[in-house]
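Chemist: Sequence first, then the predicted structure, then my questions.
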Amino acid sequence: MAKNGPGLFSDIGKKARDLLTKDYDCDQTFTITTNTDTGVALSSTVAKKGGLSSGHVAAQYQQKNAVLDVKVDTESNVLTTFTLTDIPPSTKTIASFKLPDYKSGKLEAQYCHEHVTFTTAVGLNQSPAFDFSATIGTPSISFGAEASYVTASRNFAKYNAGVSLTKPDSSASVILADKGDSLRVSYLHHLSQLNGGAVAGEISRRFSTNENTLTVGCSYVVDPHTVVKAKLNNHGNLGALLRHELVPKSFLTVSGAVDTKNLEKHPKFGLALSLKP
């Protein structure tokens, strides 16, 4: 796959979105991953959300340009994903299906080149939905759009458009989503004062309800193994987390959330432990 192109449409605004949302989880999760001598990566995950517990076991096998992923969860669902990369060059093909839901099959193709990326996906059922997206530009500036057409209803379930501007130390994006009903503007800037951390902000507006949401956040690199993040929006929702690398590729994440406008509510806390012996 080409690495010097404009990126996929899903990459627009991703850096700021990751800083403001990634790893903010108020569940309790434990994951352990091991690798066998045959090249199979096995992982087991147990999660507790509220009073409910769930889990899954996943296996991944990679051979040259092909990757096979199989995941089985506690509800007896089996998700299988097969990925082929650079066959032909600059392409990625992804086939997935979930059992026992035989209508969940999906086939996706991606094409990434120097100045254009294109993706298309189709459901493998009698009345499939067609998803497609495209971006043009360079790694510094790109324009893109995505849409989903449902053959059963013969209308578009979604259509979005966006623009992204990326520099070595900053990135900005504007996305018009929800069939033109919402607008999201985000910005991220890396600061040396934060030891390689960054600050980010996002403004979203939904035109149908006249609702605005402003979210600001930052990350601070305490040391090469520890990162602290925090975020706050205009509705009073405050979140914070600490992510520490215990040993190479093994992480402990502690997170919390509180409603500053309603302190009578109990704060929420999350704990995630990911081990890769």
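Modeler: Done, it's in.
Chemist: can we go C-alpha only for contacts and neighbour counts from here?
Modeler: OK.
Chemist: all strands for the stretch 151-277 of the chain, in order.
Modeler: For the stretch 151-277 of the chain, the strands identified by DSSP state E, counting those that start in this stretch occupy 155-167, 170-177, 182-190, 198-206, 211-223, 226-233, 237-247, 250-259, 268-275, in order along the chain.
Chemist: As TSV, those strands with mean neighbour count would be great.
Modeler: TSV is the format used below for the strands of the stretch 151-277 of the chain (neighbours: other CA atoms under 10 Å):
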stretch	mean neighbour count
strand 155-167	18
strand 170-177	21
strand 182-190	21
strand 198-206	20
strand 211-223	17
strand 226-233	20
strand 237-247	18
strand 250-259	19
strand 268-275	19
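Chemist: Kindly present the ones you listed as TSV, with separate columns for mean pLDDT and distance to residue 19.
Modeler: Compiled in TSV, the strands of the stretch 151-277 of the chain are given as follows (pLDDT from 0 to 100; distance: least, CA to CA, whole Å):
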stretch	mean pLDDT	distance to residue 19
strand 155-167	95	16
strand 170-177	97	12
strand 182-190	97	9
strand 198-206	97	7
strand 211-223	97	7
strand 226-233	98	8
strand 237-247	97	11
strand 250-259	96	14
strand 268-275	95	17
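Chemist: Tabulate these in CSV, adding columns for distance to residue 29.
Modeler: Shown next, in CSV, are the strands of the stretch 151-277 of the chain (distance: least, CA to CA, whole Å):
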stretch, distance to residue 29
strand 155-167, 33
strand 170-177, 31
strand 182-190, 29
strand 198-206, 26
strand 211-223, 22
strand 226-233, 19
strand 237-247, 14
strand 250-259, 10
strand 268-275, 5
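Chemist: what about residue 87, how many neighbours?
Modeler: As a burial measure, the neighbour count of residue 87 was computed by other CA atoms under 10 Å and equals 12.
Chemist: which residues does it contact?
Modeler: Shown here is residue 87, whose contacts under the criterion CA atoms under 8 Å, 6 or more residues apart in numbering are residue 65.
Chemist: how close does residue 121 sit to residue 89?
Modeler: As for residue 121, its distance to residue 89 is 19 Å (criterion: CA to CA, to the nearest Å).
Chemist: So between those two, which is more surrounded?
Modeler: Shown here are residue 121 and residue 89; by other CA under 10 Å, residue 121 has more neighbours (20 against 12).
Chemist: outside of the strand or helix carrying that one, which residues touch it?
Modeler: Taking DSSP states H and E as the definition, one finds residue 121 inside strand 116-123. Residues from elsewhere that reach strand 116-123 (CA under 8 Å, 6+ apart): 5-8, 103-112, 128-137.
Chemist: Return the members of those classed as buried.
Modeler: Those of these that meet the buried threshold are 5-8, 105-112, 128-137, by 16 or more other CA atoms under 10 Å.
Chemist: neighbours around residue 224, how many?
Modeler: 10.
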